[in-house]
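K.L.:
Build me a model from this:
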Amino acid sequence: MNEIFLPCINGQNASTELVVFSREANQPVSIAYPLLKHSGERILPDSIPGFLRKHHLYWECFCALLSHDPAPVRFTHDFKSGHLKAVCHHHISKCGFSLDLVKRRQTAAEESTYAHVHACESVFYQQINIPILLAEFHASMAMSRDGHNPPPLRAPCHRNDYPTK
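P.N.:
Below is the predicted model of the structure:
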């Protein structure tokens, strides 16, 4: 495995949150654990792949750091633990991405209904405001360099930031 992935793996292992690769930030970021919109309960780990498909989204493994090609994680059940995991998109891991979704469901502090991300027929209807998202990310990075705890990275969800049609 390429040593460039070691900081990514170490950061993912040290976190209690869902940590995935963000092309927009060009580094791993923590994301909020998804909640059911109506009940506010955390969705079951086995429902995460369907949640992502329904919203025309995917998480990327750390391979995306070295490639312009999409690197969507694979979901697999770990035979030892029985837990669902998100792992490197290669069948033999090249980047070390491994996220135990059962554990993260129990440990993640950040959560969201992702009300700003709608289920739709085409990914082109997703109107996440990337400039605002990146501004929040860079502000959180600046705060962490000053010794303060950075706020969690979240996609902006103010309705007036998005077109209605």
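K.L.:
got the contact list for stretch 100-115?
P.N.:
With contact meaning CB atoms under 8 Å, 6 or more residues apart in numbering, stretch 100-115 is reached by 16-18, 30-37, 40, 42, 44-45, 48, 55, 78, 81, 83-86, 152, 154-155, 157. Yep, even glycine has a C-beta here, placed from its N, CA and C like the rest.
K.L.:
which element is the spatially closest residue to Gly96 that is not a sequence neighbour on?
P.N.:
Distance criterion CB to CB, 6 or more residues apart in numbering; nearest residue to Gly96, sequence neighbours excluded, is Ile9 at 4.3 Å. Ile9 belongs to helix 6-14 when elements are defined using DSSP states H and E.
K.L.:
hey, where'd the helices end up in this structure?
P.N.:
Taking DSSP state H as the test, the helices found in the chain are 6-14, 48-54, 101-107, 130-145.
K.L.:
what mean pLDDT does the longest one have?
P.N.:
Confidence over helix 130-145, taken as the mean pLDDT, stands at 63.
K.L.:
With stretch 94-101 instead?
P.N.:
Per-residue pLDDT over stretch 94-101 has a mean of 98.
K.L.:
that older thread, among the contacts of stretch 100-115, which ones are in strands?
P.N.:
Leu18, Ser30, Ile31, Tyr33, Pro34, Leu84, Lys85, Ala86 (DSSP state E).
K.L.:
got the contact list for the fourth one?
P.N.:
By CB under 8 Å, 6+ apart, the contact list for Tyr33 reads Glu17, Leu18, Arg42, Arg104, Arg105, Ala108, Glu110, Glu111, Ser112.
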